[in-house]
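# give the three-dimensional model of this entry:
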Amino acid sequence: MAAQEDVEKSSTRAEAVEPIVDAKNEETDPYLVTWNGDNDPEHPFNWPLPRKWAITILLSNGGLVTLMSGAMLAPALQSIAADLQTGEEETQIFLSIFVLAFAFGPMVLSPLAEVFGRRPVWIISSCFYILWNTVAGFATTPGLMIASRILSGIGASAEFAISNPVLSDTWVPAQRGASFTVATFVPLLGPAIGPIVGGAVTQSIGWRWTFWILSIYDGLLVVIAIFIFTETYEVILLNRRAAKLRKATGNPYYTNTHGASETLKDRLSRSLTRPIRLLLTQPILQVVAIFLAYNFGMLYLVLSTFASLWIDRYGQTETQSGLNYIALVIGYTIAAQVGGRVMDRLWAYLKAKAGNNTAPEYRVPLMVPGAILIPLGLLFYGWTAERQLHWIVPDIGIAILGCGIINNTQSLQAYVMDAYSQYVASASAASQFLRSIAGFAFPIFAPAMYQGLGYGWGNSVLALVFVVIGWPAPFLLWKYGATLRAMGKAQH
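Okay, the predicted model is just below:
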């Protein structure tokens with residue numbers, strides 16, 4: 001039996017360069033190139049698990065670099081302000097301007113990934129990040145620091161443009177939760193590990209090395225990617241197959257997404273406007289975008305003032321303050337490992353209950369625990385910090401908050417991937433546009449809010465707003481998600 005399977009697989013691979021034609025269209029359209037059935041070994045779904053995990057882990061480490069870059073400066077802001085002679089508000093922009101780039105970068109990089117493929121866009125964007133992140137370490141003026149942070153942020157935003165689409169390309173929906181345990185968990189360690197490393201580096205060898213260390217690490221990832229990150233986008237893979245057949249035979253082979261006579265200009269003009277068209281015409285993406293915006297903005301607001309809490313109120317050093325972010329790591333770990341597995345089990349259960357039918361709404365139940373944990377964590381952290389209780393008590397609150405954030409992020413990302421499987425890159429960029437703007441804006445008013453209201457009432461306001469926005473969200477998506485998706489205009 002095993003030998004027979006080996007023969008069949010070898011035969012399939014040998015035929016891979018031949019026309020892969022949909023059997024239904026063979027007689028009427030012999031030049032339409034498609035996959036050779038569900039078991040085509042060249043389809044990313046059918047790649048060996050080690051190959052898929054290698055790419056997933058690589059991209060998750062790229063995401064770690066991105067989110068570390070956004071948070072690593074927090075313990076170093078006072079040192080940077082002293083060297084560049086800037087005030088508190090301008091110094092805070094050094095931190096948050098990087099996040100603002102996340103809003104605009106994917107709106108361009110995601111369409112490019114749908115035209116040129118995931119691999120070249122990720123590698124080139126990573127090199128762009130390395131260049132400008134290194135320049136930031138040499139900055140001697142506020143202007144150069146802000147410019148280099150914006151440009152490096154655009155390069156780093158490839159994480160948001162590429163990672164989710166690659167997961168959608170390589171993992172079948174039933175395995176998506178398992179892939180999320182790594183793909184979501186590792187990057188979201190960035191806001192936790194970044195300040196730990198940033199505090200230690202700033203105190204020992206200086207704040208400039210916080211930039212250079214990340215550039216070196218990302219450079220290593222690019223070198224690894226050259227060897228292991230093969231193209232995953234099935235549209236590109238099929239188009240390459242059709243192009244190879246056209247060149248070999250002279251016949252007008254084409255795919256469902258790319259005509260033989262279609263030009264690069266045509267594809268670019270259509271693709272580059274797709275994210276904004278999706279955001280403007282898809283009600284379900286607008287709902288998801290608003291919810292993600294508040295989640296991300298609130299998280300960055302809390303994290304932007306987390307280090308100063310320990311330094312100013314608890315009298316800790318920069319290194320000691322960074323160690324408190326371990327609480328976030330614990331919260332993220334629990335949520336990512338448990339949430340991913342629960343997501344897959346819920347998906348399988350609901351699919352079986354619906355007679356083997358599937359729907360993006362099967363990702364929604366995981367939002368319910370997140371909706372409970374987020375306001376609970378905010379209140380627990382805020383009031384224990386306000387009373388200056390033992391350091392471990394506010395850390396428990398921040399861990400609870402981290403659990404809730406991960407649950408919601410996993411659920412909503414999987415929802416978008418399932419709902420817009422043909423244009424995952426553009427849909428993901430559209431859904432994340434507002435959240436990146438919120439991640440930039442919220443930390444700007446964080447110091448004034450906590451100075452005016454204190455940590456207790458300040459976090460109570462955040463929790464109340466979340467209850468108003470966040471608690472109806474799972475029920476809205478569960479009950480009206482299909483209706484909202486149907487209201488969206490078709491996009492091509």
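# need the helix or strand of this protein with the lowest average pLDDT.
The helix or strand of the chain with the poorest confidence is helix 2-14; it has a mean of 36 (mean pLDDT, DSSP states H and E).
# may I see the buried residues of stretch 343-354?
Residues of stretch 343-354 classed as buried: 343-344, 346-347, 350-351 (neighbour count, 16 or more other C-beta atoms under 10 Å). For every residue, glycine as well, the C-beta is placed using N, CA and C.
# repeat for stretch 418-435
418-420, 423-435.
# check stretch 215-229 too.
The neighbour-count check on stretch 215-229 (16+ other C-beta under 10 Å) flags 215, 218, 221-222, 225, 229 as buried.
# and for stretch 455-464?
In stretch 455-464, counting by 16+ other C-beta under 10 Å, buried: 455-456, 458-460, 462-463.
# kindly report the same for stretch 335-344.
For stretch 335-344, using 16+ other C-beta under 10 Å, the buried residues are 335-336, 338-340, 342-344.
# wait, doesn't Trp209 sit right on Gly137?
Yes. Trp209 is within contact range of Gly137, at 7.2 Å (criterion: C-beta atoms under 8 Å).
# can you name the next helix or strand after the least confident helix or strand of the chain?
Per DSSP states H and E, helix 2-14 leads on to helix 49-71 as the next helix or strand towards the C-terminus.
# could you name the helices and strands sitting against that following helix?
Secondary structure elements in contact with helix 49-71, counted by 3 or more C-beta pairs under 8 Å, 6 or more residues apart in numbering; DSSP states H and E, are helix 88-115, helix 118-137, helix 142-156, helix 158-170, helix 176-183, helix 190-204, helix 208-228.
# now with 7 Å?
helix 88-115, helix 142-156, helix 158-170, helix 176-183, helix 190-204, helix 208-228 (3 or more C-beta pairs under 7 Å, 6 or more residues apart in numbering; DSSP states H and E).
# what does the pLDDT read for the residue nearest to Asn39 when sequence neighbours are not counted?
Spatial nearest neighbour of Asn39, chain neighbours left out: Asn46 (6.2 Å); criterion: C-beta to C-beta, 6 or more residues apart in numbering. Per-residue confidence at Asn46 stands at 91 (pLDDT).
# surely Asn46 meets Asn36?
No. Between Asn46 and Asn36 there is no contact under C-beta atoms under 7 Å: 10.5 Å.
# once you drop chain neighbours, what's closest to the residue positioned nearest the centre of the chain?
The C-alpha lying nearest the average C-alpha coordinate of the chain belongs to Phe160 (C-alpha atoms, centre = their mean; 4.1 Å). Distances taken as C-beta to C-beta, 6+ apart place Pro106 nearest to Phe160, at 4.7 Å, with adjacent residues excluded.
# so how far is Asn256 from the one you found?
25 Å (C-beta to C-beta, to the nearest Å).
# find the helix or strand that Lys244 is a member of.
Using DSSP H and E, Lys244 maps to helix 234-249.
# so for that helix, mean pLDDT?
87.
# just stretch 303-314 next, same as before
The model assigns stretch 303-314 a mean pLDDT of 82.
# which parts of it are buried?
By 16+ other C-beta under 10 Å, the buried positions in stretch 303-314 come out as 303-311.
# and which of these is nearest Ala200?
When these are compared for distance to Ala200 (C-beta to C-beta), Ala307 wins out at 12.3 Å.
# was I right to think the closest one contacts Pro75?
Yes. Taking C-beta under 7 Å as the definition, Ala307 is a contact partner of Pro75 at 4.7 Å.
# anything in contact with each of these two?
Here Ala307 and Pro75 have 195, 321-322 as joint contacts, going by C-beta atoms under 7 Å, 6 or more residues apart in numbering.
# wait, what's in contact with Arg118?
162, 165-166, 231-233.
# surely Tyr381 and Ile392 touch.
No. Between Tyr381 and Ile392 there is no contact under C-beta under 7 Å: 11.8 Å.
# redo the buried residues of stretch 215-229 as a markdown table? Include pLDDT and distance to Leu189.
Compiled in a markdown table, those are given as follows (pLDDT from 0 to 100; distance: C-beta to C-beta, whole Å):
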| residue | pLDDT | distance to Leu189 |
| --- | --- | --- |
| Ser215 | 95 | 19 |
| Asp218 | 95 | 15 |
| Leu221 | 96 | 15 |
| Val222 | 96 | 20 |
| Ala225 | 96 | 20 |
| Phe229 | 95 | 21 |
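# in CSV: these, plus distance to Gly402.
Shown next, in CSV, are these (distance: C-beta to C-beta, whole Å):
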residue, distance to Gly402
Ser215, 27
Asp218, 24
Leu221, 25
Val222, 29
Ala225, 29
Phe229, 29
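# looking at these, spot the one nearest Ser204.
Nearest to Ser204, judged by C-beta to C-beta, of the buried residues of stretch 215-229 is Ser215 at 18.1 Å.
# ok, the closest one to Thr91 distance?
For Ser215, the distance to Thr91 - C-beta to C-beta - is 21 Å.
# do the same with Asn459
Counting by C-beta to C-beta, the gap from Asn459 to Thr91 is 23 Å.
# over to Leu264?
Relative to Thr91, Leu264 is positioned 44 Å away (C-beta to C-beta).
# and Asn408, by the same measure?
Asn408 sits 30 Å away from Thr91, going by C-beta to C-beta.
# okay, those two: which has more neighbours?
Comparing Asn408 with Thr91 by other C-beta atoms under 10 Å, the one with more neighbours is Asn408, at 28 against 20.
# quick check: that one touching Phe296?
No. Using C-beta under 7 Å as the test, Asn408 is too far from Phe296 to be in contact (10.0 Å).
# please identify which of Pro106 and Asn256 sits among more neighbours.
Remark: of Pro106 and Asn256, Pro106 carries more neighbours, 30 against 12, as counted by other C-beta under 10 Å.
# show me the contacts for that one.
Counting by C-beta under 7 Å, 6+ apart, the residues that Pro106 touches are 157, 160-161, 429, 432.
# quick one: the helices in the stretch 251-400 of the chain, in order.
Here the stretch 251-400 of the chain has its helices, by DSSP state H, counting those that start in this stretch, at 264-272, 274-281, 283-308, 318-323, 326-353, 367-386, 392-419.
# how about low-confidence regions in the stretch 351-492 of the chain?
489-492 (pLDDT under 70).
# got phi/psi on Thr140?
Dihedral pair for Thr140: phi -120, psi 0, per degrees, to the nearest 10.
# contacting residues around the residue lying closest to it once chain neighbours are set aside?
Excluding its sequence neighbours, the residue lying closest to Thr140 (C-beta to C-beta, 6+ apart) is Leu84, at 7.3 Å. Residues counted as contacts of Leu84 (C-beta under 7 Å, 6+ apart) are 141-142, 145.
# Pro195 too?
Residues in contact with Pro195 (C-beta under 7 Å, 6+ apart) are 71-72, 74-75, 307, 322, 325.
# what does stretch 461-473 contact?
Stretch 461-473 is contacted from outside by 291, 294, 298, 367, 371, 374-375, 378-379, 453, using C-beta under 7 Å, 6+ apart.
# put the buried members of those residues into a ChimeraX selection.
Selection of buried members from those for ChimeraX, criterion 16+ other C-beta under 10 Å:
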select :291,294,298,367,371,374,375,378,379
